[in-house]
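1. Okay, sequence plus prediction incoming.
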Amino acid sequence: MPDDIDEFRKLVGDVPWLTSEGYLDVTKFPIDSVLRQALAESERDFFNAVMTLRSMLSNGRQEAGVFLLGLLADSGDDWARRTLIVDALKWFQSRGCADFLVGELKRVKSNNTTRRYLGAVLETLSRMPLEFVETALQDLAADTSFTPKMRDKFEQLWFDMREAALRRR
């Protein structure tokens, strides 16, 4: 393998986002082309871009999370795309992301078309620090504009997160 890398480096020069073993280092990979790819019409390009942004985010590239939030805000009613983006946001532990996702729970009405998306929103919120979502989940659980089933989901998520936080202490 080192011979292949050496040959590659001779052809293209020093590429800082490739490790000496020839693996991609997403902490150093330029984000510009990935952002353009995420805006493509092609489902394949979109999927690959979101997966790359997810990998960048899970390796500490917070700017990928900011872009994913913007991409989510611009995704209209494409529930498959929105679900993929929300799943990638599991690694974006920010109060802004938590607030945006809580806003989605209030904005999007649950039905057969949106159910999977809202489930992904709840799953991503479950990965947030409790202090980012605790009050919002309590408020949602008490909000009678939601069905009893949705209020139960909010209350159960809050309870589970609180229990998990207590176990970590």
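-> Perfect, thanks for sending it.
2. quick one: contacts of the helix ranked longest in the chain?
-> Using DSSP state H, we find that the single longest helix of the chain is helix 148-168. Outside of helix 148-168, the residues within contact range by Cβ atoms under 8 Å, 6 or more residues apart in numbering are 105, 110, 122, 125-126, 130, 133-134, 137-138, 140-144, 146. C-betas here are computed from N, CA, C, even on glycine.
3. Just the buried subset of these, please.
-> Neighbour counting by 16 or more other Cβ atoms under 10 Å classes 105, 110, 122, 125, 126, 133, 137, 140, 141, 146 among the contacts of helix 148-168 as buried.
4. Over to the last one. Which of the three states is it?
-> Using DSSP: H, G, I helix; E, B strand; the rest coil, the secondary structure recorded for residue 146 is coil.
5. List the residues that contact the residue nearest to it when sequence neighbours are not counted.
-> Closest residue in space to residue 146, ignoring its immediate chain neighbours: residue 140 at 6.7 Å, by Cβ to Cβ, 6 or more residues apart in numbering. By Cβ under 8 Å, 6+ apart, residue 140 lies in contact with 102, 105, 106, 146, 150, 151, 154.
6. Report the two of these separated the most.
-> Taking Cβ to Cβ as the measure, these span a maximum distance of 14.2 Å, between 102 and 151.
7. Quick check: phi and psi on residue 43?
-> phi -60, psi -40 (degrees, to the nearest 10).
8. 315 is where my numbering starts, stick with that
-> Sure thing, new numbering starts at 315, so read that last one as residue 357.
9. Residue 356 versus the residue minimising distance to the centre of the chain, what's the distance?
-> The centroid of the chain falls nearest to residue 403 when counting by Cα atoms, centre = their mean (1.2 Å). Distance of residue 403 to residue 356, computed by Cβ to Cβ, to the nearest Å: 22 Å.
10. Next: residue 405.
-> Using Cβ to Cβ, residue 405 is found at 24 Å from residue 356.
11. Are we agreed that residue 450 is in a helix?
-> Yes - if the criterion is three-state DSSP, then residue 450 is within a helix.
12. any idea how far it is from residue 468?
-> From residue 450 to residue 468 the distance is 9 Å (Cβ to Cβ).
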